[in-house]
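>>> got a predicted structure here, sequence first:
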Amino acid sequence: MPPPSLPFFVYGTLRPGEPNHDHFLSGRTTAEEPALLHGASLYDGPGYPYAVEEPGIVRGDLVTARPEEYAALLVALDRLEEYAPGDPRNLYERVEREVVREADGTPVRAWVYVAAPAVAERLRRRGSRIATGDWLALR
């Protein structure tokens with residue numbers, strides 16, 4: 001059974017103005033709007049951030065793909081994030097979570113790439129947490 005066609009919550013290099021946005025999302029979306037992910041903190045990674053599920057808030061963007069682009073975009077983003085369902089080597093896991101539109105507080109179910117369990121544990125022990133929850137604030 002294919003996964004549900006949900007929007008994506010992006011918080012790092014896929015955000016508007018960032019390098020992977022133009023490469024992967026430009027022209028393939030119907031909407032991009034600021035949103036918040038509650039129940040996660042942001043950690044700085046090697047050129048990109050990780051969302052770790054723990055108390056906190058992550059700032060990002062809710063991206064809705066064009067219907068005709070959705071299947072190809074899901075494959076492309078899974079490849080970018082080096083995510084394969086059930087693979088213990090994953091750096092990220094793609095999970096369905098509720099995010100909140102900043103404009104009106106509306107909750108929306110979305111795909112979010114969060115740090116895989118082993119990565120999250122390492123980050124909690126030795127990582128650099130981004131206090132603002134906004135990776136763009138570091139740029």
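Good, I have the coordinates.

>>> now the strands for this protein?
Applying DSSP state E to the chain gives strands spanning 8-10, 29-44, 49-65, 92-101, 107-115, 128-130.

>>> possible to save those as CSV with distance to residue 79, mean neighbour count and mean pLDDT?
Every C-beta, even on glycine, is put in place using the N, C-alpha and C of the backbone. Shown next, in CSV, are the strands of the chain (distance: least, Cβ to Cβ, whole Å; neighbours: other Cβ atoms under 10 Å; pLDDT from 0 to 100):
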stretch, distance to residue 79, mean neighbour count, mean pLDDT
strand 8-10, 14, 26, 98
strand 29-44, 18, 19, 97
strand 49-65, 15, 21, 97
strand 92-101, 11, 17, 97
strand 107-115, 12, 20, 97
strand 128-130, 25, 16, 96
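
>>> now these as CSV including distance to residue 72?
Formatted as CSV, the strands of the chain follow (distance: least, Cβ to Cβ, whole Å):
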stretch, distance to residue 72
strand 8-10, 13
strand 29-44, 13
strand 49-65, 9
strand 92-101, 16
strand 107-115, 15
strand 128-130, 31
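
>>> nearest to residue 86 among those would be which one?
With distances scored as Cβ to Cβ, the stretch of the strands of the chain nearest to residue 86 is strand 92-101 (9.8 Å).

>>> can you state the direction angle for the closest one and strand 49-65?
60 degrees (axes from the mean of the first three to the mean of the last three Cα atoms, to 10 degrees).

>>> which outside residues touch strand 92-101?
Contact with strand 92-101 is made by 4, 6, 9, 33-39, 50, 60, 62, 78, 81-83, 106-117, 119, as judged by Cβ atoms under 8 Å, 6 or more residues apart in numbering.

>>> now with 6 Å?
For strand 92-101, contacts defined as Cβ atoms under 6 Å, 6 or more residues apart in numbering pick out 9, 33, 35-37, 62, 81, 83, 107-114, 116.

>>> that one to strand 29-44, inter-axis angle?
Going by the same axes, to 10 degrees, strand 92-101 makes 110 degrees with strand 29-44.
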